[in-house]
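A.B. asks: Here is my input, please return the structure:
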Amino acid sequence: MAKSSADDEELRRACEAAIEGTKQKIVMSIRVAKSSGIWGKSGKLGRGNMAKPRVLGISTKAKAKRTKAFLRVFKYSNGGVLEPAKLYKLKHLSKIEVVTNDPSGCTFMLGFDNLRNQSVAPPQWTMRNVDDRNRLLLCILNICKDVLGHLPKVVGIDVVEMALWAKENTQAVTKRQGDLEDGPYQVEVTEGDMKVTVERELVSQAEEEDMEALLGTYVMGIGEAEAFSERLKRELQALEAANVHAILENEPMIHEVLQGLEVATNCVDDMDQWLGIFNVKLRHMREDIESIETRNNKLEMQSVNNKSLIEELDKLLERLRIPSEYASCLTGGSFDEARMHQNIESCEWLANALRSLEVPKLDRTYANMRSVREKRAELDKLKNTFVKRATEFLRNYFASLVDFMITDKSYFSQRGQLKRPDHADLRYKCRTYARLLQHLKSLDKNCLGPLRKAYCSSLNLLLRREAREFANELRTSTKASKNPTVWLDGSAASNQNTNSADTSTVSEAYAKMLTIFIPLLVDESSFFAHFMCFEVPALVPSGSSNGSRSAPNDDDDLGIMDIDDNGKAGKKAADLEALNESLRDLLDGIQEDFYAVVDWAYKIDPLRCISMHGITERYISGQKADAAGFVRILLDDLENRISTQFSRFVDEACHQIERNERNVRQVGVLSYIPRFAILATRMEQYIQGQSRDLVDQAYTKFVTIMFVTLDKIAQADTKYADILLLENYAAFQNSLYDLANVVATLAKFYHQASESYEQACTRFISTIIYYQFERLFQFARRIEDLMFTITPEEIPFQLGLSKVDLRKVVKSSLSGVDKSITAMYKKLQKNLTSEELLPSLWDKCKKEFLDKYDSFAQLVAKIYPGENIPDVSQMRDLLASM
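C.D. replies: Numbering: from 1, shown residues only. Alright, predicted model coming up:
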């Protein structure tokens, strides 16, 4: 058996989707066929009366105190989607009639007591089978009884048949029950429940009991089913024969009845024809009414649209209107300080007007309107005119301000008076137009380029003039004696550098130049970056601790607001690059005056480059802001200039050291050794900050050249080379002992000189000893050489190494050994020019001689066991007594 459409969940969901938003719930949905007819007669199937597919749905809506029930009719749209067609309230259902002319019994009509025209028959609904019909009608009856509290009149349906169907049907249905006080709720019931419900509706409990009692008292006398069936057949045939006989006897009456029925049928047909004509006229009338309603709706919508259009056009016209006071101010107004408020207001209005005609704030459909395009072109022309006028005014204004200050000599340093540059009044006048520059940027970013160049060009003249006048007066007013630049030249007098003049005023002058101008340049850079609307991070010259900033220079507060909402945190590479280019134009050329001060200080005292280098390093480490970029470049150039000048001094001093090589035979301590100690002491006094590297590099270069030159001079006279080396290395150590304890670089060279001194001492002492005892120790050396090739027992039998030869050598070398040792001492004393070295060298000489003699005595005892030579202890006592 095919599945009933009442169980189709897809159909129920489609119905619920069609009434979504009504807060109604579908209890049952089922497919039906709709046709028209009259009470008690089925409709005709004609061209205009074809059955139409529909869906009947029973829905409920829960209220606070009661529940409403509805019968909904759904029809299919062109796209096959269900849409609501009719709505009936079940509380007005008064009659349910099954059409008797339909032999299947699947067609019925529903009568409602609230229809406007009772003469128009309601539609007929045809189900697919009797089960679907009974299921729908039982659901309607149950809801009417449980929810609405009454039952409609039922015509053409056998009550007993309905009860039997309810008992036999086993499909589960959903029954909606509700408590009028507690609100609606849903429960699932079976056909068994429905069975009881139908029986309660058709037959009461008392009637059912009476029927059972009556049936119980009636005795049919049925023996078996077949006999009873035969009996019923015979009685039925008798009844049919009697009916046929009665019909034949009443034929004339039947003819009269048939004639009456035919007349009635003709009348009904005529009535049906008239009703059809009336239906056509009513349909045309309904179509005319719908047409009129459609036109009325369109006219109403057109009226609403016209009203909205007028409102939009009024708003657009308000945007397109240019106030006369703003137009006159933008095209020909003055830029005096008193009228700047009106100029700012005009700029704000112009910027807002231009933005209001752009797509984000203006609907895209309006953007291509002719009036909007013309008004935008007019505003652009107004903007270009104002920008051109404002740019020309500001360029002339900047030039006039600087020209006024340059022509007034009181702004600059004069003879006998150092003048600190003061730009407070200049910045105050410029701040008046800071907001104007912000608006010019928002209107036309390209206009700021010429303005920045004009400002930089004008202010560059002022800054260079101030720096030049200040530097000239600074050099003139600083009194300092010029120190000689020749420190290490051997031809100069030995005492020229011992009493150098105090040149601290030179460093102080340089520091004063930086103290005055570096904060000024940083402030000017910071003010320029803000004033000319560069989008860079906050500019705080943290390195201005050595210089004071005047109180009016609060350049962070220019009265500038983020007009175009473009002020975003973070560095913008393009703007930063443009700022550096502009700062180069602003400050370019001022470095020459700083160079002049550095060169002047170098000529007075080259060693002051050390202190100036430290001062510059301190300022460099303090400049961190982006606007101080060119100031950092300036300080780096100054540092390089100072380093170059100091390197020049170091190179000249190295050349002075190298010139010692070309002099006549050098004796004793070279002149540049003690002078370097004086120079190093002075250099240590000038070190400031991070100048340690600079000085250490100079030490390395100085000492390296000194040692190389010393070696070359020593090699020129090999006879006295060791004496020259040991005396100069000893002098180097003595003169730099204190500095080597605190300066790591000098300590390294101190240890190098100490090693070279020991090596020179060893060679010189060996020369002295061999000069007096050459035969003795030469004999010992020959024995040592032969011990590598032959056994000790064979050595006495070698030529020149016999015992006789040993006795001759000992006699010639050690007879009068005290005289030989005295001669060795005198030779040592004669060759040395530094008397303070003699005791230590003589002790080294005695120790070296005893070591060599001890080795000789051990060789003799091993090779010549029977030979007697002076004992080592006797020789030690002899040396100690001398």
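
A.B. asks: for stretch 154-170, which positions count as buried?
C.D. replies: Within stretch 154-170, the residues that count as buried by 16 or more other Cβ atoms under 10 Å are Val154, Val155, Ile157, Met162, Ala163, Trp165, Ala166, Asn169. (Each C-beta comes from the backbone N, C-alpha and C, glycine too.)

A.B. asks: list the helices and strands the helix or strand harbouring Gln124 packs on?
C.D. replies: Using DSSP states H and E, the element containing Gln124 is strand 123-126. Here strand 123-126 touches strand 25-36, strand 107-112, going by 3 or more Cβ pairs under 8 Å, 6 or more residues apart in numbering; DSSP states H and E.

A.B. asks: Give me the contacts around the shortest one.
C.D. replies: It refers to strand 107-112. By Cβ atoms under 8 Å, 6 or more residues apart in numbering, the surrounding residues in contact with strand 107-112 are 35, 37, 39, 42, 71, 88-89, 92-99, 121-127, 133, 137, 152, 156.

A.B. asks: run the last query once more with 6 Å
C.D. replies: The contact list for strand 107-112 (Cβ atoms under 6 Å, 6 or more residues apart in numbering) reads Tyr88, His92, Leu93, Ser94, Lys95, Glu97, Val98, Val99, Pro122, Gln124, Trp125, Thr126.

A.B. asks: Over to stretch 453-463?
C.D. replies: Applying Cβ under 6 Å, 6+ apart, the external contacts of stretch 453-463 come out as Arg395, Phe398, Ala399, Val402, Met405, Ser582, Asp585, Leu586, Ile590.

A.B. asks: try it again with 7 Å
C.D. replies: By Cβ atoms under 7 Å, 6 or more residues apart in numbering, the surrounding residues in contact with stretch 453-463 are 395, 398-399, 402, 405-406, 532, 582, 585-590.

A.B. asks: For those residues, give me TSV that also has secondary structure and pLDDT.
C.D. replies: TSV is the format used below for those (DSSP: H, G, I helix; E, B strand; the rest coil; pLDDT from 0 to 100):
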residue	secondary structure	pLDDT
Arg395	helix	86
Phe398	helix	85
Ala399	helix	85
Val402	helix	85
Met405	helix	81
Ile406	helix	80
Met532	coil	81
Ser582	helix	79
Asp585	helix	80
Leu586	helix	79
Leu587	helix	81
Asp588	coil	84
Gly589	coil	83
Ile590	coil	84
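
A.B. asks: Please save the CA atoms from stretch 439-458 in CSV.
C.D. replies: Extracted C-alpha coordinates of stretch 439-458, given in CSV (Å, rounded to 0.1, in the frame of the first residue of the first chain):
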residue,chain,number,x,y,z
HIS,A,439,45.4,71.8,5.8
LEU,A,440,47.5,72.4,2.8
LYS,A,441,48.9,68.9,3.2
SER,A,442,45.4,67.4,3.4
LEU,A,443,44.4,69.4,0.3
ASP,A,444,47.5,68.9,-1.8
LYS,A,445,50.5,66.9,-0.6
ASN,A,446,52.6,68.0,-3.5
CYS,A,447,52.5,71.7,-2.5
LEU,A,448,54.7,71.0,0.6
GLY,A,449,57.8,70.3,-1.5
PRO,A,450,58.4,73.9,-2.7
LEU,A,451,57.4,75.2,0.7
ARG,A,452,60.0,73.0,2.5
LYS,A,453,62.7,74.0,0.1
ALA,A,454,61.9,77.7,0.6
TYR,A,455,61.9,77.4,4.4
CYS,A,456,65.2,75.4,4.3
SER,A,457,66.9,77.8,1.9
SER,A,458,65.9,80.9,4.0
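
A.B. asks: Give the buried residues for it.
C.D. replies: For stretch 439-458, by 16+ other Cβ under 10 Å, it's 439-444, 447-448, 451-452, 454-456, 458.

A.B. asks: same thing with stretch 108-116?
C.D. replies: Phe108, Met109, Leu110, Gly111, Phe112.

A.B. asks: returning to what we had before: out of the buried residues of stretch 154-170, which sit inside strands?
C.D. replies: Under the assignment DSSP state E, the buried residues of stretch 154-170 contribute Val154, Val155 to strands.

A.B. asks: closest to Asp336 among the buried residues of stretch 154-170?
C.D. replies: Among those, Val154 lies closest to Asp336 (Cβ to Cβ), at 100.8 Å.

A.B. asks: what's the nearest residue to the closest one if we skip its chain neighbours?
C.D. replies: Ile96 (5.1 Å; Cβ to Cβ, 6 or more residues apart in numbering).

A.B. asks: which SS state does the one you found fall under?
C.D. replies: What DSSP: H, G, I helix; E, B strand; the rest coil gives for Ile96 is strand.

A.B. asks: Quick check: it touching Pro152?
C.D. replies: Yes. In this structure, Ile96 is within contact of Pro152 by Cβ atoms under 7 Å, at 5.4 Å.

A.B. asks: Out of the contacts of stretch 453-463, flag the one nearest to Gln772.
C.D. replies: Ile590 (74.8 Å).

A.B. asks: Backbone dihedrals for that closest one, please?
C.D. replies: Torsion angles at Ile590 (phi, psi; degrees, to the nearest 10) stand at phi -70, psi -20.

A.B. asks: From Thr385, how far out is it?
C.D. replies: Taking Cβ to Cβ, to the nearest Å as the measure, Ile590 falls 38 Å from Thr385.

A.B. asks: where does the stretch 1-150 of the chain have low pLDDT?
C.D. replies: Confidence mapping of the stretch 1-150 of the chain against pLDDT under 70 gives the ranges 1-2, 37-49, 116-121.

A.B. asks: now with 80?
C.D. replies: Under the criterion pLDDT under 80, the flagged ranges of the stretch 1-150 of the chain are 1-4, 36-50, 64-65, 79, 115-122.

A.B. asks: next one: the helix or strand encompassing Phe70 to chain centre, how far?
C.D. replies: Using DSSP H and E, Phe70 maps to strand 67-76. Taking Cα atoms, centre = their mean, to the nearest Å, one finds the center of strand 67-76 at 60 Å from the center of the full chain.

A.B. asks: Report all helices and strands that the helix or strand that that strand is followed by contacts.
C.D. replies: The helix or strand immediately downstream of strand 67-76 is strand 82-89, counting by DSSP H and E. For strand 82-89, the packing partners by 3 or more Cβ pairs under 7 Å, 6 or more residues apart in numbering; DSSP states H and E come out as helix 9-18, strand 67-76.
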